[in-house]
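A.B. asks: give me a 3D structure for the following:
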Amino acid sequence: MKFNPDELTIQAGDTVIWINNDITNHCVTEVNKIWTSGALTPSQSFKKVFTKTTDYFCAIHLVMKGRITVQ
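C.D. replies: Model prediction:
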């Protein structure tokens with residue numbers, strides 16, 4: 001249970017797409033809960049444009065954590 005990759009470096013304005021390739025639901029939630037993907041069933045995806053560095057996690061499986069670093 002982890003994001004793959006769990007750390008990503010991008011340019012400001014880039015779009016990141018998460019795809020749930022697992023057999024169970026997951027979500028992507030900003031660490032301060034400013035935004036969330038909501039539950040993603042297997043094969044569903046979520047995309048977001050980033051302008052600043054952000055830490056995130058799966059609110060369904062709290063051990064799953066990640067970071068988007070914006071340069």
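A.B. asks: only C-alpha atoms for contact and neighbour calcs from this point on.
C.D. replies: Noted.
A.B. asks: wait, residue 12 touches residue 71, no?
C.D. replies: Yes. With contact defined as Cα atoms under 8 Å, residue 12 reaches residue 71; the gap is 6.4 Å.
A.B. asks: these two: which is more packed in?
C.D. replies: residue 12 (14 against 10; other Cα atoms under 10 Å).
A.B. asks: contact partners for the more buried one?
C.D. replies: 50-52, 70-71 (Cα atoms under 8 Å, 6 or more residues apart in numbering).
A.B. asks: isn't residue 36 right up against residue 27?
C.D. replies: Yes. Using Cα under 8 Å, residue 36 makes contact with residue 27 at a distance of 7.2 Å.
A.B. asks: which one of these two is surrounded by more residues?
C.D. replies: Between residue 36 and residue 27, counting by other Cα under 10 Å, residue 27 is the more crowded of the two (22 against 18).
A.B. asks: now the more buried one. Its backbone dihedrals?
C.D. replies: Dihedral angles of residue 27 (phi, psi; degrees, to the nearest 10) stand at phi -150, psi 170.
A.B. asks: that one reaches residue 42, doesn't it?
C.D. replies: No. Counting by Cα under 8 Å, residue 27 does not reach residue 42; the two are 10.7 Å apart.
A.B. asks: residue 37 touches residue 46, doesn't it?
C.D. replies: Yes. Counting by Cα under 8 Å, residue 37 touches residue 46, with 6.2 Å between them.
A.B. asks: residue most distant from the centroid, the protein?
C.D. replies: Among the C-alpha atoms of the chain, the one most distant from their mean position (Cα atoms, centre = their mean) is that of residue 71, at 17.7 Å.
A.B. asks: tell me the confidence at the residue positioned nearest the centre of the chain?
C.D. replies: Centroid check for the chain by Cα atoms, centre = their mean gives residue 28 as the closest residue, at 4.1 Å. Residue 28 is assigned a predicted lDDT (pLDDT) of 98.
A.B. asks: residue 48 now?
C.D. replies: 98.
A.B. asks: so what's the residue count around it?
C.D. replies: Neighbours of residue 48 (other Cα under 10 Å): 14.
A.B. asks: list the buried ones in the helix or strand it falls within?
C.D. replies: Secondary structure from DSSP states H and E places residue 48 in strand 45-49. If you call a residue buried by 16 or more other Cα atoms under 10 Å, then strand 45-49 has these buried ones: residue 46.
A.B. asks: no further questions, thank you.
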